[in-house]
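J.: What shape does this take:
(2 chains)
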Amino acid sequence: MIEVRGLVKAYGAKRAVDGVSFKVRRGDILGFLGPNGAGKSTTMKMITGFLRPDAGAALVDNIDVAADPVAVKRRLGYLPESSPAYPEMTVEEFLGFVAEVRGFRSAAARRTQVDRAVGLTHLGAVRRQSIETLSKGYKQRVGFAQALLHDPPALVLDEPTDGLDPNQKNEVRGLIQKMAVEKAVILSTHILEEVEAICNRVIIISRGRIVADETPAQLQARQPGARLDAIFHTLTQSDQ
Amino acid sequence: MSSQVGPLFKREFLGYFRSPVAYVFLVVFLVFSVALAFSRFGGFFQSDIAGLDTYFVFYPWLFLFLVPAVGMRLWSEEKRSGTVELLFTLPITTLEGVLGKFLAGWAFLTLAILLSFPMAITIGYLGSPDWGVVAATYAGAILMAGGYLGVCSLTSALTKNQVISFVISVLVCAALLFLGLSSFTNFLEGFLPVPVADAVSNFSFMTHFDAFRKGIVDLKDVVFFLSLIGFTLFLNVVALEG
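T.: Predicted coordinates:
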């Protein structure tokens, strides 16, 4: 569903992403791990068509982002880091706007999509509140609702559980697992337990390169008995 | 492609009224413009003419500060708050995004200009104005607002800082304004051949707006403002994609 071939992105002399390749199929939840600045967000931004790669290609549903960015954007749901939204709009207005741009033009179709997304992310209590008045957890859910709104076949989530309390984290994880059955999901995170809990594949990225691409069990098997963060530390040492 | 401009336009235009900014702007704009006309610089009553020339003569100067106030946030705010990432990962092209925002800002400025209608009613009550001239002046003011806003939208796409965006917008608009001042043109003619000085002053808002104020709707003035809008929006797309 999502395929990345030799992606490269440089900022000045520094290569933020340096030849990253992988594939994600429907039903996969890929955990994207790495220290801050390792290139996780940059890779995701290239898949979603927000940044143009210097080399390589990103394909969604076999469509090259560079060739037809709008077609790719239609098939993707994207939660950017820190889930930006227009603060002066209410949750309902904001989701209604996204629905309209996503092609749900009639008021009834828009309402159906917004109601569904609000239901999935439990936003019912705040749907008429303006986004600037919401707590971080609710804002994150608004970002989630926006990404799910058009029921896309592929989801790219940049730190979906960042800033949530433990209960909210569990809830979001449950939601991702439930949806992943027929979707391809990429999520980036700093939380290693999260990967263990919901991902069926892990990619660890360090200084723009992939240093591990395996199942969580295989990752654990690298150093039996060791904690995951110790393994992570060993793999990303060059980044320190 | 035009189908995606609609929702973007709607969100942006209604967005002005979701915060107090729009109301503050409308009040400041109308109070200032009317006060200037009634002041001794404007001489609305002293002129003893049933026309709006004493009102519109200040528009190029008012726009110099007020249009950058509307335009500075167009892209700067999206960049600073990160919503630009959200916007451009929705299924829209950069051009649709630029058009949606620009047209919303232009519609808002048009609303501000049209809200000066009590001035038109006043001259209609006091005398018998030439409504053709009044209509031409309104059309010219709206076109000129578009020209200013095109410049401001472009400069706003260059920075995520609204203050910098405002300052650069004012500077660029001021340059485009001063080119047309007669004292400046005379100064240019001191050392440039007259046709060159004329060509330079042809790039000014002032030169082209003056014709509308006299009631002359000349194709070349309309083309000037529309091509200025087209050119700045093209650069705007380039700046966002770069």
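
J.: what residues are up against A:Arg52?
T.: A:Arg52 makes contact with A:Met46, A:Ala66, according to C-beta atoms under 8 Å, 6 or more residues apart in numbering or on different chains. No exception for glycine: its C-beta is placed from N, CA and C like everyone else's.

J.: okay, the residue of chain B most remote from its centre: pLDDT?
T.: When distances to the mean C-alpha position of chain B are computed (C-alpha atoms, centre = their mean), the maximum falls on B:Phe191, with 31.5 Å. B:Phe191 carries a pLDDT score of 82 in this model.

J.: biggest helix in chain B, by residue count?
T.: helix B:131-156 (DSSP state H).

J.: Show me what that one is packed against.
T.: Helices and strands touching helix B:131-156, by 3 or more C-beta pairs under 8 Å, 6 or more residues apart in numbering or on different chains; DSSP states H and E, are helix B:53-56, helix B:59-71, helix B:73-81, helix B:94-114, helix B:162-178, helix B:205-213, helix B:219-241.

J.: tell me what the longest one is packed against?
T.: Other elements packing on helix B:219-241 under the criterion 3+ C-beta pairs under 8 Å, 6+ apart are helix B:94-114, helix B:131-156, helix B:205-213.

J.: Taking helix B:94-114 as reference, get the angle to the next helix or strand after the first one.
T.: Counting by DSSP states H and E, the element after helix B:94-114 in chain order, helix or strand, is helix B:117-126. Counting by axes from the mean of the first three to the mean of the last three C-alpha atoms, to 10 degrees, helix B:117-126 lies at 40 degrees to helix B:94-114.

J.: buried set for helix B:117-126?
T.: B:Met119, B:Ala120, B:Thr122, B:Ile123 (16 or more other C-beta atoms under 10 Å in any protein chain shown).

J.: Can you lay out those as a markdown table showing pLDDT and distance to chain A?
T.: Shown next, in a markdown table, are the buried residues of helix B:117-126 (pLDDT from 0 to 100; distance: C-beta to the nearest C-beta, whole Å):
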| residue | pLDDT | distance to chain A |
| --- | --- | --- |
| B:Met119 | 91 | 32 |
| B:Ala120 | 91 | 33 |
| B:Thr122 | 90 | 36 |
| B:Ile123 | 89 | 38 |
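
J.: Contacts for stretch B:147-159 next, please.
T.: B:63-64, B:67-68, B:70-76, B:79, B:98, B:101-102, B:105-106, B:109, B:162, B:165, B:168-169, B:172-173, B:176, B:205, B:224-225, B:228-229, B:231-233, B:235-236, B:239-240.

J.: so how many other residues sit close to the residue nearest to B:Ser33 when sequence neighbours are not counted?
T.: Counting by C-beta to C-beta, 6 or more residues apart in numbering or on different chains, B:Ser33 lies nearest to B:Leu62, which is 5.7 Å off, once chain neighbours are set aside. Counted with other C-beta atoms under 10 Å in any protein chain shown, the burial measure for B:Leu62 works out to 15 neighbours.

J.: which of the residues in the helix or strand hosting A:Glu194 are buried?
T.: Taking DSSP H and E as the definition, one finds A:Glu194 inside helix A:192-198. Of all the residues in helix A:192-198, those buried under the rule 16+ other C-beta under 10 Å are A:Leu192, A:Glu194, A:Val195, A:Ala197, A:Ile198.

J.: Likewise for stretch B:89-106?
T.: Buried-residue list, stretch B:89-106, by 16+ other C-beta under 10 Å: B:89-106.

J.: Quick check: the residue most central in space within chain B vs chain A, distance?
T.: Centroid-nearest residue in chain B, with C-alpha atoms, centre = their mean: B:Ala145, separated by 1.9 Å. Counting by C-beta to the nearest C-beta, to the nearest Å, the gap from B:Ala145 to chain A is 24 Å.

J.: Please list all residues in contact with the residue lying closest to that residue once chain neighbours are set aside.
T.: Leaving out its chain neighbours, the residue that sits closest to B:Ala145 by C-beta to C-beta, 6+ apart is B:Leu109, at 4.2 Å. B:Leu109 makes contacts with B:Val67, B:Val70, B:Ile142, B:Ala145, B:Gly146, B:Leu149, as judged by C-beta under 8 Å, 6+ apart.

J.: What pLDDT is listed against the fifth one?
T.: What it means is B:Gly146. pLDDT for B:Gly146: 96.

J.: how many other residues sit next to A:Thr133?
T.: A:Thr133 has 11 neighbouring residues, counting by other C-beta under 10 Å.

J.: Just the endpoints, please. Distance across stretch A:35-53?
T.: 21 Å (C-alpha to C-alpha, to the nearest Å).

J.: buried set for it?
T.: A:35, A:38-51, A:53.

J.: Of all pairs in these, which one is the farthest apart?
T.: Using C-beta to C-beta, those span at most 25.4 Å, a distance reached by A:Pro35 and A:Gly49.

J.: Around chain A, pick out the residues from chain B.
T.: B:4, B:7-8, B:10-11, B:15, B:18-19, B:81-83, B:85-86, B:88-93 (C-beta under 8 Å from any C-beta of the partner chain).

J.: picking that back up, would you tell me which one of the helices and strands packed on helix B:219-241 is buried the most?
T.: helix B:131-156 (a mean of 23; mean count of other C-beta atoms under 10 Å in any protein chain shown).

J.: what's the angle from that helix to helix B:205-213?
T.: Going by the same axes, to 10 degrees, helix B:131-156 makes 160 degrees with helix B:205-213.

J.: what's the angle from helix B:131-156 to helix B:162-178?
T.: 140 degrees.

J.: dump the residue contacts of B:Asp130.
T.: By C-beta under 8 Å, 6+ apart, the contact set of B:Asp130 is B:Gly51, B:Gly215.

J.: my bad, should have said A:Val156
T.: Shown in contact with A:Val156 (C-beta under 8 Å, 6+ apart): A:Ile2, A:Met44, A:Ile47, A:Thr48, A:Leu76, A:Gly77, A:Tyr78, A:Leu79, A:Ile186, A:Leu187.

J.: how far away is it from A:Asn170?
T.: Per C-beta to C-beta, to the nearest Å, A:Val156 is found 21 Å from A:Asn170.

J.: Flag every residue of chain A that's near chain B.
T.: Selection of chain A residues close to chain B by C-beta under 8 Å from any C-beta yields A:45, A:48-50, A:69-71, A:73-74, A:76, A:78, A:80-82, A:84-89, A:97-98, A:100-103, A:146.

J.: And the residues you listed, which of them are buried?
T.: Buried by 16+ other C-beta under 10 Å: A:45, A:48-50, A:69-71, A:73-74, A:76, A:78, A:80-82, A:84-89, A:97-98, A:100-102, A:146, out of those.

J.: I'd like to know which of these are part of helices.
T.: Secondary structure from DSSP H places A:Lys45, A:Pro69, A:Val70, A:Ala71, A:Lys73, A:Arg74, A:Phe97, A:Val98, A:Glu100, A:Val101, A:Gln146 of these in helices.
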